[in-house]
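Q: please find the sequence and the predicted model below.
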Amino acid sequence: MSFSLLLKVHPLIVIYYILFILFLQVFKNIFLLNKKRNQK
């Protein structure tokens, strides 16, 4: 299945997928920041 076809059929799934990746990145950054703050 090609990506363009996926975009036509399930645009919401792609949007949720991108949001999920962004959420993971933010969560990881917050976790790392808390770790550094707790070490001091």
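A: Received, thanks. Residues are numbered from 1 along each chain as shown.
Q: give me the buried positions along whichever strand or helix holds Ser4.
A: Applying DSSP states H and E as the criterion places Ser4 in helix 3-9. Within helix 3-9, no residue is scored as buried using 16 or more other CB atoms under 10 Å. All C-beta spots, glycine's among them, are computed from the backbone N, C-alpha and C.
Q: for that helix, the distance to its chain's centre please.
A: In terms of CA atoms, centre = their mean, to the nearest Å, the centre of helix 3-9 is found 19 Å from the chain centre.
Q: who touches it?
A: 13-14 (CB atoms under 8 Å, 6 or more residues apart in numbering).
Q: show me the shaky parts of the protein.
A: 1, 6-7, 40 (pLDDT under 70).
Q: just the helices in it please.
A: For the chain, helices defined by DSSP state H occupy the ranges 3-9, 11-39.
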